[in-house]
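In: Build me a structure from this.
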Amino acid sequence: MPREYPLAKTRNIGIIAHIDAGKTTITERVLFYTEKIHRMGEVHDGTTTMDWMVQERERGITITAAATTCYWLGHQVNIIDTPGHIDFTVEVQRSLRVLDGGIVVLDAVAGVQPQSETVWRQADRYGVPRICFVNKMDRPGADLWHAVETMEKRLGAKPVTLQIPIGSEGNFQGVVDLITGRAFVYADEMGTRQEEVEVPAHLRDEVVKHREVLLERVAEADDVVAMHYLEGKDISVQELQRALRDATLESKLVPVLCGSALRNKGIQPLLDAVIHYLPSPLEVPPIEGVNPQTGENETRLVEEDGPFSALAFKIASDPYVGRLAYVRVYSGTLASGSRIMNSTKERKERAGRLLRMHANRQEDIDAIYAGDIAAVIGLKQTFTGDTLCDPGAPIILESIKFPAPVIAVAIEPRTQADQDKMKLSLDRLAQEDPTFQVRVDKDTGQTLISGMGELHLEVLVDRMLREFHVSASVGQPQVSYRETITIPVRSEGRFIRQTGGHGQYGHVWLELEPVAKGEGYIFEDATKNGVVPKQFIPAVDAGIREAMESGVLAGYPVVDVKIRLVDGSFHEEDSSALAFKIAGSMALKNGVQRGKPILLEPIMKVEVVVLEDFVGEVMADLSSRRAQIEGMEARGALQAVQAHAPLAEMFGYATGLRSLTQGRGTFTMEFDYYAEVQKSLDSVASLGKRRR
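Out: Residues are numbered from 1 along each chain as shown. Coordinates of the predicted model:
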């Protein structure tokens, strides 16, 4: 069956923003005006389409990225609504990996906020062209130009404003389109009727001024417009839109629109901008990958008749249809029931049913084509980041890298009946969320779950109870510390066992040296003349990796170390992979002990937004939590205090902040880096005992 809409009329976009900027409300209005739904829900009532999970509706926040499809101006628009809370940043990251364009939503009062910067950097990493929507223009203190200024200062972006507001705050009525020079107001509360009116007299000078700025910015990015502009020629609407589209696709400019989603104003022009300025799958660079058979780089063009290739970017469990794998198809066509290859795992899979998703509802489709985003049922061995392809044309696409968890808690079943079910439910949740990890402590036998924050783990434990009917008790939050060395050392590992038959012999010399923060583990084979046979090198590496999982100070993982295998010896009959693995492990432990090891703790980037009256108390409280105050910034009547604080001191901060500010303060917190724990070795030792 041929595709319904051609590639040139397809848009794959994501809506990304700081928490509470209005992403889900915007998506709800988009679905209403595109006639996908016939009644708008509200986040505060728990009735929106995209926030379908019980936990989302209770908390009024988005937790999981939800996909839907709608139609506007003869185009198919595939939308992913993403979370704004930093604990669920994995959902943003994997969505941006497969999207062609994005709508960045800013609060008209606050402008660019901490999580706005995070999602902007993520979009930069994947080269995603963006447009910006300044929401909440009806709020007291709303200021479009302040929001645009924060984009330039904090994001280093080049925004170009396409609209100016008619009215402000509670009197916000509509917008003037600077490209066409037309003014629109909304004639009904539902926002379904846009009426074109004369540009208000008091705005005419401002329209001329800002249109001139618009022309200058576009002229800087486009030679044709620049020539016409310098020659004083009129620039047609079509020429201006063409130049702006080209500049947006190259990420030279970011078109900015404004409105109020809650008051149903400004959504239709935003949809128009998605069609006019964001790319189709044909306008993004072809996907590149590696041929697993030859090791050579290959490119897949966006062609329906080419070899099939797709990336699985999300795994989800549905109570009715089972395990869903969300995929982005980059080339070729996949029909339901087809046999495909998971080239990452080197396993063959069968694609059962194919679904077009609408939040948690599904629509069966016969085939998915290059440029599509859809869900597949029946993939048993496929996980997030795996490549799916035609068995006759294998390719491995770049996977998705996720941040490491920063907080852990112990969890145990409340009854014997919950014992077996708990393991199954934890495994299922870990398959869905790559930033959620489960392990068993070797010393205590406790099951430890790790995640991105208190809210992240709280939601997952709640899902265990509601979806899998497992009751569990959770211990106090535990910080995921790390260990590292501070000086270079040379270390020997020698493992010799003599038995009645063949013995065991493995002998290695390692050089350990510290590396920069965040570089992790680097292994290098620097041996010469076969002192360690090549077939045993992977075993040495495996032994080192295993030993690094448990350090020497308090049993935490060792990080940021470069290890060179420089020497060793072997025995013709007694040497084995196991012996060299143990030797590598022994050498690592010995080297870390002599490398002046230190304990590292996660440091969080914190921003607290409060009324000026409470700034003193908030800063004093942060200082008592070992925070370093980085600065303050005025945001209307509010002050934003920026600081870096150890995660260990920030547990329960939400309650403390509410007490200090009479419930009026808000804060955001995200992991930034690891730093040395400023404690004596006695304290470090006691920390290790508490952990056990």
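
In: avg pLDDT for stretch 603-610?
Out: Per-region confidence: stretch 603-610 scores 88 on mean pLDDT.

In: do stretch 338-347 as well
Out: The average pLDDT for stretch 338-347 rounds to 92.

In: what does stretch 462-481 give?
Out: 82.

In: How far off centre is that stretch?
Out: Counting by Cα atoms, centre = their mean, to the nearest Å, stretch 462-481 is centred 23 Å from the centre of its parent chain.

In: how far does it stretch from start to finish?
Out: The straight-line separation of the ends of stretch 462-481 (Cα to Cα, to the nearest Å) is 25 Å.

In: Check the gap between Arg217 and Val610 for me.
Out: 36 Å (Cβ to Cβ, to the nearest Å). No exception for glycine: its C-beta is placed from N, CA and C like everyone else's.

In: Which one's more surrounded, these two?
Out: Shown here are Arg217 and Val610; by other Cβ atoms under 10 Å, Val610 has more neighbours (22 against 19).

In: doesn't the more buried one fall inside a helix?
Out: No - per DSSP: H, G, I helix; E, B strand; the rest coil, Val610 lies outside any helix segment and is strand.

In: so Arg339 bridges to which residues?
Out: Beta-bridge partners of Arg339, counted by DSSP bridges, are Arg350.

In: Please tell me I have it right and it contacts Arg350.
Out: Yes - if you go by Cβ atoms under 8 Å, Arg339 and Arg350 touch, sitting 5.7 Å apart.

In: And these two? Which one has more around it.
Out: For Arg339 and Arg350, the more surrounded residue by other Cβ under 10 Å is Arg350, and the numbers stand at 13 against 10.

In: does that one really touch Ser338, like I thought?
Out: Yes - counting by Cβ under 8 Å, Arg350 does reach Ser338; the two are 7.4 Å apart.

In: end to end, how far does stretch 179-190 reach?
Out: Start-to-end span of stretch 179-190 (Cα to Cα) is 26 Å.

In: list the buried ones in it?
Out: Of the residues in stretch 179-190, 179, 183-186 count as buried by neighbour count, 16 or more other Cβ atoms under 10 Å.

In: Assign a three-state SS to Met464, would you?
Out: Here Met464 is recorded as helix under three-state DSSP.

In: what's the burial count for it?
Out: Using other Cβ under 10 Å, Met464 has 24 other residues around it.

In: likewise Met227?
Out: Counted with other Cβ under 10 Å, Met227 comes out at 11.

In: Low-confidence bits of the stretch 401-550 of the chain, can you list those?
Out: Along the stretch 401-550 of the chain, the model assigns pLDDT under 70 to residues 406, 442-444, 477, 499-501.

In: Mind doing that once more with 90?
Out: When residues are selected by pLDDT under 90, those of the stretch 401-550 of the chain lie in 401-481, 497-504, 516-520, 528-530, 549-550.

In: any chance you could map the strands in it?
Out: Along the stretch 401-550 of the chain, counting by DSSP state E, counting those that start in this stretch, strands occupy 407-413, 437-440, 447-451, 472-474, 478-479, 482-484, 489-497, 504-514, 521-525.

In: would you list those in TSV and tack on mean neighbour count?
Out: Formatted as TSV, the strands of the stretch 401-550 of the chain follow (neighbours: other Cβ atoms under 10 Å):
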stretch	mean neighbour count
strand 407-413	19
strand 437-440	13
strand 447-451	22
strand 472-474	15
strand 478-479	18
strand 482-484	23
strand 489-497	18
strand 504-514	23
strand 521-525	14
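
In: list the contacts for Ile103?
Out: 13-16, 26, 130-133, 270, 274 (Cβ atoms under 8 Å, 6 or more residues apart in numbering).
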